[in-house]
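Colleague: I'll drop the sequence and a predicted model, then ask my questions.
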Amino acid sequence: MSLPESPAPRAAGPALTAPVAPAWRRSSKVGPILRGRRVGAVLVLGGVLAAAPTAIWPTDVITYLAPGSVAPFQQLALWSWGQVADVVPGLLAEGIHFGNPTSLVLLVVALLAGLAAAVCLALRPGVDGLVLGVAGTAWLAATVTANLGQTAGRVSSGLYGDSNRIVPTQTWAGVLQYVAAGLLLAALGLMTGSTAARVAVSGAVSAGRWARDLVHRPRGPADDDAAAPPASAPPSGIATMRDPAPGSRPGSGAWPGDGARSGVGFSDDPGADPDHVRPPR
């Protein structure tokens with residue numbers, strides 16, 4: 001009777017003894033990618049959703065009241081991307097309607113860029129996701145704020161008339177446009193606030209150091225040379241040439257020791273001989 005063979009002992013090791021994580025737990029490890037970016041991604045996505053209706057619905061309406069009545073004589077709907085249309089065409093022979101398709105295309109592209117920015121912030125780790133998120137958010141924020149400023153400026157400037165019979169109103173899409181601008185700017189501040197603060201502090205420290213160096217800069221040799229008065233030329237005499245005495249031979253000597261003026265000699269003292277000959281100047 002033979003005994004059943006016992007299974008060979010498995011080699012112990014961390015790779016074999018470690019528990020196998022289920023699929024849902026492995027997928028949850030993507031969470032650290034969103035760490036520090038969840039709020040920013042949510043703000044950008046909220047800005048995209050709040051700005052999207054402005055591509056379809058008007059943001060402001062200008063109502064012209066009939067003289068002596070509260071009934072609207074004409075109503076102009078204004079879109080943030082430049083379209084103007086008469087929403088009461090039956091009251092006029094020809095309704096007003098003109099737009100700006102190029103601006104509409106730019107708004108749609110900016111909305112897509114903002115959506116891509118939210119995705120990059122949520123899923124792309126590292127500096128790449130942050131840079132793409134900031135770029136797309138800044139693009140959409142610039143477009144939304146520019147459209148908002150243009151529409152609000154046209155309404156407040158009296159371009160469509162300035163009278164107590166003209167009543168401007170804002171639609172729900174116009175209110176959402178303000179919300180979108182606030183969300184996008186808040187997202188930009190959240191993503192770039194710490195970096196901007198570090199740059200500002202570093203710039204302030206560098207400026208203070210530069211100012212202190214400028215005030216307390218040590219004097220160098222160049223500064224001493226520039227501040228010192230120009231040095232006067234060293235005193236020098238004038239060479240004096242004498243004619244040889246009659247009967248003397250060339251090379252027989254000059255300026256004998258007894259002071260006789262014979263031969264040719266030179267002196268550094270111009271007062272030694274009042275008859276010296278100066279060279280021409």
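Modeller: Structure's in. What do you need?
Colleague: the protein: strands as residue ranges?
Modeller: Taking DSSP state E as the criterion, the chain contains strands spanning 60-65, 72-78, 84-86, 97-98, 166-170.
Colleague: in the first one, what's buried?
Modeller: By 16 or more other Cβ atoms under 10 Å, the buried positions in strand 60-65 come out as 60-65. All C-beta spots, glycine's among them, are computed from the backbone N, C-alpha and C.
Colleague: pull the residues that contact it.
Modeller: 71-78, 87, 151, 155, 160-161, 165-171, 174 (Cβ atoms under 8 Å, 6 or more residues apart in numbering).
Colleague: which of those are buried?
Modeller: Of all the contacts of strand 60-65 considered here, the ones buried according to neighbour count by 16+ other Cβ under 10 Å are 74-78, 87, 151, 155, 168, 170-171, 174.
Colleague: quick one: average pLDDT of stretch 100-118?
Modeller: Regarding stretch 100-118, the rounded mean pLDDT is 94.
Colleague: please enumerate residues in contact with it?
Modeller: Residues lying outside stretch 100-118 but in contact with it, judged by Cβ under 8 Å, 6+ apart, are 41, 44-45, 47-48, 51-52, 54-55, 80-83, 132-137, 139-140, 142-144, 147, 184.
Colleague: need the buried ones from those selected in PyMOL.
Modeller: Filtering these down to the buried ones (16+ other Cβ under 10 Å) takes a single PyMOL command:
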select buried, resi 41+44+45+47+48+51+52+54+55+80+81+82+83+132+133+134+136+137+139+140+143+144+147+184
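Colleague: how close does residue 75 sit to residue 62?
Modeller: Counting by Cβ to Cβ, to the nearest Å, the gap between residue 75 and residue 62 amounts to 7 Å.
Colleague: next: residue 142.
Modeller: In this structure, residue 142 and residue 62 are 26 Å apart, going by Cβ to Cβ.
Colleague: now residue 103
Modeller: Computed with Cβ to Cβ, the distance linking residue 103 and residue 62 is 19 Å.
Colleague: and for residue 139?
Modeller: Per Cβ to Cβ, residue 139 is found 30 Å from residue 62.
Colleague: repeat for residue 156
Modeller: Spatial separation of residue 156 from residue 62 under the definition Cβ to Cβ is 12 Å.
Colleague: need the residues touching each of those two.
Modeller: With Cβ under 8 Å, 6+ apart as the test, residue 156 and residue 62 reach no residue in common.
Colleague: isn't residue 177 right next to residue 52, touching?
Modeller: No: contact status for residue 177 versus residue 52: not in contact, 10.3 Å apart, counting by Cβ atoms under 8 Å.
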